[in-house]
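**Q** Based on what follows, work out the 3D shape:
(one chain, ligands or ions: 4)
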Amino acid sequence: SAKSDGRGTYRIFDPQMDAVIQTRRSLERDMRTSLAQGGFELYYQPLVNLQTKRVTAFEALMRWNHRDRGAVPPSEFIPVAEDMGLIVQLGEWALRQACAEAVEWPDDIRISVNLSPLQFSKGNLVSTVVSALASSGLPASRLELEITESVLLEKSERNITVLNRLRELGVRISMDDFGTGYSSIGYLRSFPFDKIKIDKSFVRDLLVDEGSLAIVRAIAGLGVSFGITTTAEGVETEEQVRCLNLEGCIEVQGYFYSKPIVASQVAGVLAKLNEQ
Ligand code: C2E
Ligand code: MG
Ligand code: MG
Ligand code: MG
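**A** Ligands and ions are numbered 1, 2, ... in the order given. Below you'll find the model as predicted:
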């Protein structure tokens, strides 16, 4: 049914659309409650150096265990959290939690935390990072922050200033999901990244698609030229590891080594991966 609002326009009531909106609202409400009540959790996935065969870092990956829906994947709740602006608080929680947990790990193991572009435009990212490091006691050199190119697309000048201030603290900056979206090599010139993470879509097709192999080879070459570490994500097989090693990738991350794990499993996974 449609109702006139009295100015010649109509508001359409579509029951299906209404259901979508209701679902969305309850998701938003539940996310706020969960954040306040400890319903979010961080999982950790190791990054392994191909030369030394040792774990260099763990990436923190957010998990939401919803009381009715069960585990909601980040691909579903992060876009909603971004829309409602909650990602700023959620991201701050993740940063504090990750630093607090990582400080218990061996000194040579870093923690990598994903940032949303919204954390750059809203809230004060630099003071949040400073505060997370100070309250956890984690040295800045043990923190890596992963950003996507969208951070450099919008408000790029302002965001590059923020990135430079983070780097001056001693924090490392990684470019995540490289090769997807608008990915431009020019971004590598606009900011001195410490690491490029090759998107898992290229790793998945590495052995079946020559285009993907060519892209991985080119990115690894860029890494060498710029003096930037290249990390391949989504590595699932030994054949992929061998190929990535041959192409000059420095680091690998994926189910082949370990799925994302809870904090209590970190010591065990470290011992197992580092002894091999
Ligand atoms: P990402 O940062 O690119 O993380 C890599 C994703 O690949 C993770 O998905 C990880 O679980 C998955 N993965 C790792 N190894 C493999 C593999 O061998 N095969 C396959 N098929 N997948 C693998 P996840 O945990 O579902 O996270 C998805 C995305 O959500 C992340 O992509 C990141 O963009 C975002 N995200 C996760 N946690 C956070 C967070 O704390 N803050 C923000 N802003 N975003 C986050
Ligand atoms: Mg990431
Ligand atoms: Mg990634
Ligand atoms: Mg990715």
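**Q** What is the neighbour count of the residue lying closest to Ile219 once chain neighbours are set aside?
**A** Distances taken as Cβ to Cβ, 6 or more residues apart in numbering put Ile198 closest to Ile219, at 5.3 Å, once the chain neighbours are dropped. C-beta coordinates here come from the backbone N, C-alpha and C atoms, glycine included. For Ile198, the neighbour count with other Cβ atoms under 10 Å is 32.
**Q** Could you verify my assumption that Ile198 touches Val235?
**A** No. The pair Ile198 / Val235 is not scored as a contact, 9.8 Å apart, by Cβ atoms under 8 Å.
**Q** contacting residues for the residue nearest to Ile219?
**A** For Ile198, the contact set (Cβ atoms under 8 Å, 6 or more residues apart in numbering) comprises Phe178, Gly179, Val216, Ile219, Ala220, Thr230, Thr231, Ala232, Glu233, Cys249.
**Q** touching ligand 1 at all, the lengthiest helix in the chain?
**A** Ranked by residue count under DSSP state H, the longest helix found in the chain is helix 15-37. No. Figure legend: helix 15-37 not in contact with ligand 1 (Cβ under 6 Å from any ligand atom); closest approach 12.2 Å.
**Q** Can you list the buried residues in that helix?
**A** By neighbour count with 16 or more other Cβ atoms under 10 Å, helix 15-37 contains the buried residues Leu27, Glu28, Asp30, Met31, Ser34, Leu35.
**Q** Stretch 195-207 now?
**A** Within stretch 195-207, the residues scored as buried using 16+ other Cβ under 10 Å are Lys195, Ile196, Lys197, Ile198, Asp199, Lys200, Ser201, Phe202, Val203, Arg204, Leu206.
**Q** Narrow the residues you listed to those in helices?
**A** Those of the buried residues of stretch 195-207 mapping onto helices are Lys200, Ser201, Phe202, Val203, Arg204, per DSSP H.
**Q** which among the residues you listed gets closest to ligand 1?
**A** Lys200 (5.6 Å; Cβ to the nearest ligand atom).
**Q** That closest one contacts Glu233, correct?
**A** Yes. Counting by Cβ under 8 Å, Glu233 is a contact partner of Lys200 at 4.6 Å.
**Q** Need the overlap of contacts for these two.
**A** Applying Cβ under 8 Å, 6+ apart, one finds that Lys200 and Glu233 are jointly contacted by Gly254.
**Q** On the pLDDT front, check the residue nearest to Ile219 for me.
**A** With respect to pLDDT, Ile198 has a value of 96.
**Q** one step back: would you reformat the ones in helices among the buried residues of stretch 195-207 as JSON lines and include distance to ligand 2?
**A** Formatted as JSON lines, those follow (distance: Cβ to the ion, whole Å):
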{"residue": "Lys200", "distance to ligand 2": "10"}
{"residue": "Ser201", "distance to ligand 2": "14"}
{"residue": "Phe202", "distance to ligand 2": "15"}
{"residue": "Val203", "distance to ligand 2": "14"}
{"residue": "Arg204", "distance to ligand 2": "16"}
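**Q** Pass me the low-pLDDT residue ranges in the stretch 101-250 of the chain, would you?
**A** Applying pLDDT under 70 to the stretch 101-250 of the chain picks out residues 183.
**Q** Show me what from this structure comes close to ligand 2.
**A** Asn114, Glu146, Asp176 (Cβ under 5 Å from the ion).
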